[in-house]
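K.L.:
please find the sequence and the predicted model below.
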Amino acid sequence: AQSVTQLGSHVSVSEGALVLLRCNYSSSVPPYLFWYVQYPNQGLQLLLKYTSAATLVKGINGFEAEFKKSETSFHLTKPSAHMSDAAEYFCAVSDHGLTGGGNKLTFGTGTQLKVEL
Amino acid sequence: DTEVTQTPKHLVMGMTNKKSLKCEQHMGHRAMYWYKQKAKKPPELMFVYSYEKLSINESVPSRFSPECPNSSLLNLHLHALQPEDSALYLCASSQGQGPSGNIQYFGAGTRLSVL
């Protein structure tokens, strides 16, 4: 079974400060890992993905994440927070595909990011 | 283009009503998904369709009935819902197979209120 744990349901940073959102995974096979962002009253937008290529993954809006197998982590970072980054962030792990196609995503509980002036 | 379109954006229905949610994608994806999301919670998988066949039903009550008329369209038929079914319903799609097959793209959702 696969799972992800997001430490900190709420994170607050000042505008311009470093953003660090934590995600640890558990998987019996090499994982596929994702970060999604959800703005209020919207769907989920893919920020970035790790699918066993480079361990440092760059995404949209200046976010990046580093896959660390030894720590079973996939933390999300951004050097300088902007007010528009305030949203809910979900880390997710995928299986390697279902028989017949498709895949199952297992989400973490989410981290609400607040950006203050 | 990674757009998944869901209609309607908002829906209010009574417990005796029948309504349908619609999801459409034109990315050539062969897998489509329905999720339910309650406030302040992650999405919960309801159904997976792959190549227009239902491959996963996560023990969803029969008052929710999915349908996949073709590879671009996914419907969720609703009947005799309960107030606790009020939630954001999200549709997603993915290629289904191949190197990028695990990447799911989400629509904006339908906000459902059951009175």
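P.N.:
Okay, I see it. Residues are numbered from 1 along each chain as shown, chains lettered A, B, ... in the order given.

K.L.:
what residues does chain A have near chain B?
P.N.:
Taking CB under 8 Å from any CB of the partner chain as the criterion, chain A approaches chain B at residues A:32, A:34, A:36, A:41-46, A:49, A:51, A:90, A:94-105, A:107-110. Where you see a C-beta, it was placed from the backbone N, CA and C, and this is true even at glycine.

K.L.:
mind checking which of those are in helices?
P.N.:
Assignment to helices by DSSP state H places none of these there.

K.L.:
PyMOL command for the buried members of the residues you listed?
P.N.:
A single PyMOL command selects the buried members of the residues of chain A next to chain B (16 or more other CB atoms under 10 Å in any protein chain shown):
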select buried, chain A and resi 32+34+36+42+43+44+45+46+49+51+90+94+95+97+98+100+101+102+103+104+105+107+108+110
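
K.L.:
say whether chain A is contacted by stretch B:20-37.
P.N.:
Yes - judged by CB under 8 Å from any CB, stretch B:20-37 and chain A are in contact via B:30, B:31, B:33.

K.L.:
need those in CSV with secondary structure, can you?
P.N.:
Below are the residues of stretch B:20-37 next to chain A laid out as CSV (DSSP: H, G, I helix; E, B strand; the rest coil):
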residue, secondary structure
B:30, coil
B:31, strand
B:33, strand
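
K.L.:
so who does the residue nearest the centre of chain A touch?
P.N.:
The centroid of chain A falls nearest to residue A:35 when counting by CA atoms, centre = their mean (2.9 Å). The contact partners of residue A:35, by CB atoms under 8 Å, 6 or more residues apart in numbering or on different chains, come to A:21, A:23, A:46-49, A:59, A:63, A:65, A:74, A:76, A:89-92.

K.L.:
residues near residue A:68, how many?
P.N.:
12 (other CB atoms under 10 Å in any protein chain shown).

K.L.:
what's across from it in the sheet?
P.N.:
residue A:73 (DSSP bridges).

K.L.:
in this structure it contacts residue A:55, no?
P.N.:
Yes - Residue A:68 is within contact range of residue A:55, at 7.3 Å (criterion: CB atoms under 8 Å).

K.L.:
give me the low-pLDDT residue ranges for chain B?
P.N.:
Filtered on pLDDT under 70, chain B yields the residue ranges B:1-2, B:98-99.

K.L.:
what segments of it are strands?
P.N.:
Assigned by DSSP state E, chain B shows strands spanning B:4-7, B:10-13, B:18-25, B:31-37, B:44-50, B:53-57, B:64-70, B:73-79, B:87-94, B:105-106, B:110-114.

K.L.:
any chance of those strands in JSON lines, plus distance to residue A:11?
P.N.:
Shown next, in JSON lines, are the strands of chain B (distance: least, CB to CB, whole Å):
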{"stretch": "strand B:4-7", "distance to residue A:11": "28"}
{"stretch": "strand B:10-13", "distance to residue A:11": "30"}
{"stretch": "strand B:18-25", "distance to residue A:11": "32"}
{"stretch": "strand B:31-37", "distance to residue A:11": "20"}
{"stretch": "strand B:44-50", "distance to residue A:11": "23"}
{"stretch": "strand B:53-57", "distance to residue A:11": "33"}
{"stretch": "strand B:64-70", "distance to residue A:11": "34"}
{"stretch": "strand B:73-79", "distance to residue A:11": "34"}
{"stretch": "strand B:87-94", "distance to residue A:11": "22"}
{"stretch": "strand B:105-106", "distance to residue A:11": "22"}
{"stretch": "strand B:110-114", "distance to residue A:11": "26"}
